[in-house]
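Colleague: Sequence below, structure please.
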Amino acid sequence: MSLRNGMNRPYKIVYLVLLCIFFTGALIRVLSGTSILHSALIYSSGEKDSPPGVKTPEAVVKSFYIFIDTGEYERAWEISLEPVWGSDRIGVTYRDEVDEDSGAFSGWIEKDEFISRLIQNLGERGKGITLNNIETHETGKLYMDEKRRIKNQYDRIDFDEAYSVRACGQLLGACSIFKWEKDLVVLDIGGTYKVMLYGTKPKNSFFYQSWFQNISRIGDLKR
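Modeller: Below you'll find the predicted structure:
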């Protein structure tokens, strides 16, 4: 009996390794083109920050990502603006490309569409995504020509000021941990800060993936 158990153990180890590789590969494909690099084992405590509120540009961006992580999609929608390009978003699929040439700006995404799309892509309560160590900092106000472009592009949207905010953090896969970053625009609209999303995506991707850039694997995950 002990000999048979000893022979089965290596197969179990191989199975677990292959399962880990499968889930890591799936995450890489979903997040588009991240290379696998040799790296050390990294411990993740799993501790989560509370949303810091919406009183500053960097706070509203951090709160947005935390709401995505926790699956509080309605709260994420309330503090963001995502444009709709063209008159028909219902027929857009994973395979379709959406850019600013897909059609004229036709308003901002409705709450129900925003929420249902994220539930479909990420699951209820953010089950399909795990974000840790989210950091944000304001990198300055936008120049006048950049603010003018935003006003012209989005049907003369009225705002008091526009800020650039850099976000970064860690994205946990089944067996690996990745780092990411993103530069976003935050608008001050009558004293209320809103995170500007772009409403665009390349082919074979989801809209939410455009909220993460420069994704790279930094290590194997030890919880």
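Colleague: what about Asp49, is that helix, strand or coil?
Modeller: Using DSSP: H, G, I helix; E, B strand; the rest coil as the criterion, the local structure at Asp49 reads coil.
Colleague: Look at it and report its pLDDT.
Modeller: Asp49 carries a pLDDT score of 83 in this model.
Colleague: Neighbours of it, how many?
Modeller: By the criterion of other C-beta atoms under 10 Å, Asp49 has 16 neighbours. Just so you know, the C-beta spots here come from the backbone N, C-alpha and C atoms, and that holds for glycine as well.
Colleague: cool, and Trp180?
Modeller: Every residue meeting other C-beta under 10 Å relative to Trp180 is counted, giving 20.
Colleague: Tell me the spacing between it and Thr70.
Modeller: 17 Å (C-beta to C-beta, to the nearest Å).
Colleague: Which strand runs longest in the chain?
Modeller: Counting residues, the longest strand found in the chain (DSSP state E) is strand 176-189.
Colleague: next one: that strand to chain centre, how far?
Modeller: 8 Å (C-alpha atoms, centre = their mean, to the nearest Å).
Colleague: Indicate each strand paired with that strand and its parallel or antiparallel sense.
Modeller: Next to strand 176-189 in the sheet, as set by DSSP bridges, lie strand 161-172 (antiparallel), strand 192-196 (antiparallel), strand 213-222 (antiparallel).
Colleague: what residues does the strand or helix carrying Ile68 touch?
Modeller: With the criterion set as DSSP states H and E, the secondary-structure element containing Ile68 is helix 57-70. Contacts made with helix 57-70 from outside it, assessed by C-beta atoms under 8 Å, 6 or more residues apart in numbering, are listed as 48-54, 73, 75-76, 79-80, 118, 122, 125-126, 129-131, 134-138, 163, 165, 167, 169, 184, 186, 188, 193-195, 208, 211.
Colleague: Give me the contacts around stretch 152-162.
Modeller: Outside stretch 152-162, the residues that touch it by C-beta under 8 Å, 6+ apart are 83, 100, 105, 141-142, 146-147, 150-151, 185-191.
Colleague: quick one, helices of this protein?
Modeller: When secondary structure is read from DSSP state H, the chain shows helices at 2-30, 57-70, 73-78, 111-122, 144-153.
Colleague: Mind telling me which of those helices the model trusts least?
Modeller: In terms of mean pLDDT, the lowest-scoring of these is helix 2-30 (a mean of 45).
Colleague: Go through the helix holding Ile68 and flag the buried ones.
Modeller: Taking 16 or more other C-beta atoms under 10 Å as the basis for neighbour counts, the residues of helix 57-70 that come out buried are 57-70.
Colleague: Likewise for stretch 70-82?
Modeller: Taking 16+ other C-beta under 10 Å as the basis for neighbour counts, the residues of stretch 70-82 that come out buried are 70-73, 75-82.
Colleague: again with stretch 203-211
Modeller: 205-211.
Colleague: Repeat that for stretch 174-185.
Modeller: Judged by neighbour count (16+ other C-beta under 10 Å), stretch 174-185 contains these buried residues: 175-180, 182, 184-185.
Colleague: same check, this time on stretch 193-202
Modeller: For stretch 193-202, a neighbour-count test (16+ other C-beta under 10 Å) marks 193-201 as buried.
Colleague: Would you mind listing the outside residues contacting that stretch?
Modeller: Stretch 193-202 is contacted from outside by 32, 54-57, 59-61, 64, 79-85, 97-100, 102, 109, 150, 184-187, 207, 209-211, using C-beta under 8 Å, 6+ apart.
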